[in-house]
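J.: next come a sequence and a model predicted from it.
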Amino acid sequence: MPSDTITSPSDGLPDTGRRVDFGASTFELTSWESLDRIREQPVGRICILERGVPIAFPVNYRVTGDPPECRIVMRTAPATAVGRYDGSASLEVDDIDLGSGRAWSVIVRGQLRPMLGEDPPADPRPLVTAGRTRWMMLTADSISGRRFLVRRGRDEFTVDWQSEPS
């Protein structure tokens, strides 16, 4: 049975009752491994500031180039918050497979800007294509990723952060 802990103000979390604490530690991905992971996924969340408040939007994207010249390209409608944006942003992409107990998360931080008058390097093939005429590019300043493996024991969960077999 999972080990339950009671949250309290001393652990920095709101006092919402019981939560499961697996005691996991992280295993860092290299920037190359992180890029390999996000190249496999068609959808992520672009995180921008809108009226001074962070907000995340699901987007289709494509990765072009390799570090240090890595860029993330997406297509959106010009009148959307993402289509009007120009500034610091991040892309978060995750994959969680509870059946196999494997998961990873990658964050790319950089500058998001419209690609005006530039030839797009690769079409991200958005799920919704109507009105998606504004090409946006996130220039990667930093790439970080983590992965973990959840093993289910007879009566408890254990979480070990480690590399996945090739």
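T.: Structure's in. What do you need? Numbers count the residues shown, from 1 in each chain.
J.: okay, CA-based contacts and neighbour counts for the rest of this
T.: Fine.
J.: could you identify the helix or strand that succeeds the lengthiest helix in the chain?
T.: Of all the segments of type helix in the chain, defined by DSSP state H, the longest one is helix 31-39. Remark: after helix 31-39, the chain's next helix or strand is strand 43-50, criterion DSSP states H and E.
J.: before we move on, the earlier item: now do the longest helix of the chain: which elements does it pack against?
T.: Using 3 or more CA pairs under 8 Å, 6 or more residues apart in numbering; DSSP states H and E, the elements in contact with helix 31-39 are strand 62-64, strand 102-114, strand 134-152.
J.: could you export these as JSON lines, including mean pLDDT, mean neighbour count and distance to residue 46?
T.: Converted to JSON lines, the helices and strands packed on helix 31-39 look like this (pLDDT from 0 to 100; neighbours: other CA atoms under 10 Å; distance: least, CA to CA, whole Å):
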{"stretch": "strand 62-64", "mean pLDDT": "93", "mean neighbour count": "20", "distance to residue 46": "12"}
{"stretch": "strand 102-114", "mean pLDDT": "94", "mean neighbour count": "21", "distance to residue 46": "9"}
{"stretch": "strand 134-152", "mean pLDDT": "87", "mean neighbour count": "20", "distance to residue 46": "9"}
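J.: generate JSON lines for the ones you listed, with distance to residue 33 as supplementary columns.
T.: Conversion of the helices and strands packed on helix 31-39 to JSON lines gives the following (distance: least, CA to CA, whole Å):
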{"stretch": "strand 62-64", "distance to residue 33": "13"}
{"stretch": "strand 102-114", "distance to residue 33": "10"}
{"stretch": "strand 134-152", "distance to residue 33": "8"}
